[in-house]
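Trainee: what's the 3D shape of this:
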Amino acid sequence: MHPRVSRVSFRVVLCFMVLTLGSILAGRSSNRRFISSGGFRGWKRVDGRLRHQAHSRGRILRAFSSQPSAPPVTVYTHKECLNHRVMFHPECPERLRHLIEDVIPPLQEELGFEVVQPPRLPEKNELARVHTTSYVDSVYDAFSQIDEGLVPSVYLDADTEIMPGSDASILRGAGATLQAVEDVCEGKALRAFVMVRPPGHHAEPNAAMGFCVFNNIMVGLAHAQAKYPDVIQRAALLDFDVHHGNGGQTACWSEPERFFASTHQSPLFPWKGKADDTGSAMNVINVPLAKNSTSADFRRAWEEKIIPTVRDFAPDIIFASAGFDAHADDPLASLNLQEDDFHFVTDKIANLANEVAGGRLVTVLEGGYDPAALGRCVGSHIRALNDAPRPSEEQISFSHGSKTGKTRAPQMMYSQQQIQAMDKGEIRSALSRHGLPTSGKLDALRERLAKVPV
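Mentor: Below you'll find the predicted structure:
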């Protein structure tokens, strides 16, 4: 090649590289705060491609603690989650639209958190970690029948109807959850709030239920354990929705490396979540709340019963089903909680995640059917996630014991709190199930049971 041509070609290539780098940086800057100005209209400027490309190039094979530059909270949502609309139904697009257009912009302007609209969609095999393959296929078949105009809608159960556009909302909800999990596990985000609809915590492995098609939060939990097995071995799912998260309990029940805890009004749909439900490995705790229970009842359940038990379980990551329908203004239940109660429980959970899980926390929107009350509660939830302290170096070292030379104490099957709550007959029955002697005084039996490992 002629030397002059070579020099010209080099300059062209150099200019192209500079312009490309400038475009990427400019695009990244505009993407970080795409919703802070212009409200919902601002979504048109964002397609998520830059973020998606960055994830594709930078896949990390193992989880690590959050980077110092990672924001304290990142919000994940998607405009297509507004597409699902069932006429005259409490689970309506206005719930999410109010959050996107009215709640998030001023809160983001004040706190400076990032809002992400990920392009991620779930693979069928990712959904099948929680749901049966036959159920996943049946939902996709229903999507196809509607898209092809063969039927106007499909009832998956008496309360759960899907319409044209429902497929995008449902799949975007699962996809946003998966992306949030990856970002938290890979240290790109410390805490994540997945603000999507329809909700998911009632969906069972083989059935839709109570407005829920796929169990978004359990899909995320199973993904964390499957994709990051070196670090995410134990996971806890905490549910403060007013309705019991039966789908989460089912998916955790026979898995000793998963823990499920819930407060919920009882009796109330789905008519599950009994106080004596324990799971196969004492890994389930339910605290039913009676109609008209107060803030004090709710806070006492979390502070005295759930948080200490989860601390003993010592998960590597915490998930929270963030339902806000226990608010006094919600039309579908009869508890008397206020916004401050959701700030309280979120703060408790975030600090617990610091103690035992290196700060890793993913919360997913579930219920909340009075849009105004929902907006205030979500504001309190995000503020608590933002204001909670970062995990200390000592806490991070505890959560990554194998990396720092520190190891956790062996995990026991029963916490001291659980053992103290048992009578002598219950302790003997538990010892018998483990093939251990059942004779002796009560204190000796308790000590024996406390040594049963997971």
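
Trainee: now the helices for the stretch 251-400 of the chain?
Mentor: 295-300, 307-313, 339-357, 371-387, 393-399 (DSSP state H, counting those that start in this stretch).

Trainee: and those helices, which one is worst for confidence?
Mentor: Among those, helix 393-399 has the lowest mean pLDDT, at a mean of 76.

Trainee: any stretches of the stretch 351-454 of the chain with poor pLDDT?
Mentor: For the stretch 351-454 of the chain, the stretches with pLDDT under 70 are 398-412, 417, 454.

Trainee: to residue 443, which of the helices of the stretch 251-400 of the chain lies closest?
Mentor: Judged by C-beta to C-beta, the one of the helices of the stretch 251-400 of the chain that comes nearest to residue 443 is helix 307-313, at 19.6 Å. Every residue, glycine included, has its C-beta placed from N, CA and C.

Trainee: just to revisit the earlier point, can I get the helices of the stretch 251-400 of the chain in a markdown table with distance to residue 187 and mean neighbour count?
Mentor: Formatted as a markdown table, the helices of the stretch 251-400 of the chain follow (distance: least, C-beta to C-beta, whole Å; neighbours: other C-beta atoms under 10 Å):
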| stretch | distance to residue 187 | mean neighbour count |
| --- | --- | --- |
| helix 295-300 | 32 | 16 |
| helix 307-313 | 23 | 19 |
| helix 339-357 | 13 | 22 |
| helix 371-387 | 17 | 21 |
| helix 393-399 | 11 | 17 |
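
Trainee: right, and these - which one's nearest residue 75?
Mentor: Between residue 75 and the helices of the stretch 251-400 of the chain, the shortest separation by C-beta to C-beta is 6.9 Å, and it involves helix 371-387.

Trainee: just list what the closest one packs against, helices and strands only.
Mentor: helix 93-98, helix 104-111, strand 191-194, helix 339-357, strand 361-365 (3 or more C-beta pairs under 8 Å, 6 or more residues apart in numbering; DSSP states H and E).

Trainee: switch these over to TSV; also include distance to residue 135.
Mentor: Listed next are the helices and strands packed on helix 371-387 as TSV, based on distance: least, C-beta to C-beta, whole Å:
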stretch	distance to residue 135
helix 93-98	25
helix 104-111	33
strand 191-194	22
helix 339-357	30
strand 361-365	20
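
Trainee: out of the helices of the stretch 251-400 of the chain, nearest to residue 101?
Mentor: Closest to residue 101 of the helices of the stretch 251-400 of the chain is helix 371-387 (C-beta to C-beta; 10.0 Å).

Trainee: how about the strands in the stretch 101-250 of the chain?
Mentor: 114-116, 154-157, 160-162, 191-194, 235-239 (DSSP state E, counting those that start in this stretch).

Trainee: let's have these in CSV, adding mean pLDDT, distance to residue 283 and mean neighbour count.
Mentor: Compiled in CSV, these are given as follows (pLDDT from 0 to 100; distance: least, C-beta to C-beta, whole Å; neighbours: other C-beta atoms under 10 Å):
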stretch, mean pLDDT, distance to residue 283, mean neighbour count
strand 114-116, 96, 32, 23
strand 154-157, 96, 27, 16
strand 160-162, 96, 28, 21
strand 191-194, 98, 23, 29
strand 235-239, 98, 9, 28
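
Trainee: in JSON lines: the ones you listed, plus distance to residue 279.
Mentor: Shown next, in JSON lines, are the strands of the stretch 101-250 of the chain (distance: least, C-beta to C-beta, whole Å):
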{"stretch": "strand 114-116", "distance to residue 279": "34"}
{"stretch": "strand 154-157", "distance to residue 279": "25"}
{"stretch": "strand 160-162", "distance to residue 279": "26"}
{"stretch": "strand 191-194", "distance to residue 279": "25"}
{"stretch": "strand 235-239", "distance to residue 279": "12"}
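
Trainee: out of those strands, which comes closest to residue 176?
Mentor: Closest approach to residue 176 among the strands of the stretch 101-250 of the chain (C-beta to C-beta): strand 191-194, 5.3 Å.

Trainee: would you give the sheet partners of that closest one, along with the direction of each?
Mentor: With DSSP bridges as the test, strand 191-194 is paired with strand 74-76 (parallel), strand 361-365 (parallel).

Trainee: the ones you listed: which one's closest to residue 239?
Mentor: strand 361-365 (10.0 Å).

Trainee: residue 284 is nearest to which of the strands paired with strand 191-194?
Mentor: Between the strands paired with strand 191-194, strand 361-365 lies closest to residue 284; by C-beta to C-beta that is 19.1 Å.

Trainee: could you give me the buried positions within stretch 140-158?
Mentor: Neighbour counts over stretch 140-158 (16 or more other C-beta atoms under 10 Å) mark 142-143, 146, 154, 156-157 as buried.

Trainee: using the three-state scheme, assign residue 438.
Mentor: At residue 438 the chain is in coil, as set by DSSP: H, G, I helix; E, B strand; the rest coil.

Trainee: what is the burial count for it?
Mentor: For residue 438, the neighbour count with other C-beta atoms under 10 Å is 14.

Trainee: go on, the one 10 residues further on?
Mentor: For residue 448, the tally of surrounding residues (other C-beta under 10 Å) stands at 18.

Trainee: tell me who's in contact with it.
Mentor: Counting by C-beta atoms under 8 Å, 6 or more residues apart in numbering, residue 448 touches 431, 436-437, 440.

Trainee: out of those, which is nearest to residue 365?
Mentor: For those, the nearest to residue 365 is residue 431 (42.3 Å; C-beta to C-beta).

Trainee: picking that back up, for the contacts of residue 448, work out which two are farthest apart.
Mentor: Taking C-beta to C-beta, no two of those sit farther apart than 436 and 440, at 10.4 Å.

Trainee: what's the distance between residue 315 and residue 308?
Mentor: 14 Å (C-beta to C-beta, to the nearest Å).

Trainee: nope, residue 277 is what I meant
Mentor: Distance of residue 277 to residue 308, given as C-beta to C-beta: 18 Å.

Trainee: ok, residue 85 - contacts?
Mentor: 92-93, 163, 165.

Trainee: can I get those in JSON lines including distance to residue 104?
Mentor: As requested, the contacts of residue 85 are exported to JSON lines (distance: C-beta to C-beta, whole Å):
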{"residue": "92", "distance to residue 104": "18"}
{"residue": "93", "distance to residue 104": "15"}
{"residue": "163", "distance to residue 104": "26"}
{"residue": "165", "distance to residue 104": "22"}
